[in-house]
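> Give me a model of this one.
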Amino acid sequence: MGMRYYKLFDQINRKGMKKTDLLEIISGPTLAKLSKGETVKTDILCKICCYLKLQPGDIMEYVEEGDS
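Prediction:
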């Protein structure tokens, strides 16, 4: 079980941005964690939501273990 961030990357594409544009507000290792679906701190998610003017549900989804 865990969070999936494909919605974040979809939103970035819709806004005409690149994943690397997030490097203005987060570190490279944090961006890599998001790309791999790894855990990131809540304050990072808040920064991303503020930067993109989105809600948490717009950038992530909870997925049960075994679901893809």
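
> what about the longest helix that the chain contains, average pLDDT?
Selection of the longest helix in the chain by residue count, based on DSSP state H, yields helix 42-52. Averaging pLDDT along helix 42-52 gives 98.

> List the buried residues for that helix?
Within helix 42-52, the residues that count as buried by 16 or more other CB atoms under 10 Å are I44, L45, K47, I48, C49, L52. For every residue, glycine as well, the C-beta is placed using N, CA and C.

> Leaving out sequence neighbours, find the closest residue to the fourth one.
Pointing back at I48 there. Counting by CB to CB, 6 or more residues apart in numbering, I48 lies nearest to I59, which is 6.1 Å off, once chain neighbours are set aside.

> Surely the one you found is in contact with L8?
Yes. Counting by CB atoms under 8 Å, L8 is a contact partner of I59 at 3.9 Å.

> show me where pLDDT drops low in this structure?
Across the chain, the ranges flagged by pLDDT under 70 are 1, 67-68.

> mind running it again at 50?
Counting by pLDDT under 50, the chain has no low-confidence residues at all.

> Which parts of this structure are strands?
Remark: strands assigned in the chain by DSSP state E are 2-4, 61-63.

> need the helices for the protein, in chain order.
6-14, 28-36, 42-52, 56-59.
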